[in-house]
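[1] The sequence and its predicted three-dimensional model are supplied below.
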Amino acid sequence: MVAIHQALFNTGHVTDPNDLKSRAIMQRDYVIGLNAVTDQAYVHAKVSLLSGRSVEVRQAISELVLDVMQQYIAPQPELKIQLRVEIIEMPKQTYRKAVI
């Protein structure tokens, strides 16, 4: 996650590194496809951005995050891993933040 933070900060799309926040949540129960097989897994990154960035910038951020994931998530023998990135826009007009 630190590598993703650094890569995003390096793009210049984020000016304050403290605006970058990550968490990892492991799902023990999930199904991929139609069968409860154990030879598949996925890593899903949700990137929440304040609204106002162009489609091109959002696409670039999505590609960047996927590239970093591919660098740091090692292939596993006998396991097919899907790496996914989802960009979510948070309406700037209603987003609020306080630091206390």
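    Looks like it arrived, so ask away. Numbers count the residues shown, from 1 in each chain.

[2] Following the top helix by length along the chain in sequence, what is the next regular element?
    Scanning the chain for the helix with the most residues, using DSSP state H, yields helix 55-72. Scanning the chain past helix 55-72 towards its C-terminal end, the next helix or strand to appear is strand 80-90 (assignment: DSSP states H and E).

[3] quick one: that next one to helix 55-72, angle?
    Between strand 80-90 and helix 55-72, the angle formed by their directions is 150 degrees, by axes from the mean of the first three to the mean of the last three C-alpha atoms, to 10 degrees.

[4] Give me the mean pLDDT for the longest helix of the chain.
    Taken as a whole, helix 55-72 has a mean pLDDT of 97.

[5] three-state assignment of L8?
    Under DSSP: H, G, I helix; E, B strand; the rest coil, the three-state class of L8 is helix.

[6] Which residue is the nearest non-sequential neighbour of it?
    Using C-beta to C-beta, 6 or more residues apart in numbering and skipping the chain neighbours, the partner closest in space to L8 is V14 (5.3 Å). Backbone N, C-alpha and C define where each C-beta goes, glycine included.

[7] for A24, same thing?
    Leaving aside its sequence neighbours, A24 sits nearest to M1 (C-beta to C-beta, 6+ apart; 6.8 Å).

[8] Quick check: pLDDT value at that neighbour.
    For M1, the pLDDT comes out at 95.

[9] For it, the count of nearby residues, please.
    M1: 13 surrounding residues under other C-beta atoms under 10 Å.

[10] Against I32, how distant is it?
    23 Å (C-beta to C-beta, to the nearest Å).

[11] And T11, by the same measure?
    Per C-beta to C-beta, T11 is found 31 Å from I32.

[12] Please say which of the two ends up with more neighbours.
    Between T11 and I32, counting by other C-beta under 10 Å, I32 is the more crowded of the two (14 against 11).

[13] was I right about L83 contacting D67?
    No - with contact defined as C-beta atoms under 8 Å, L83 does not count as touching D67 (9.9 Å).
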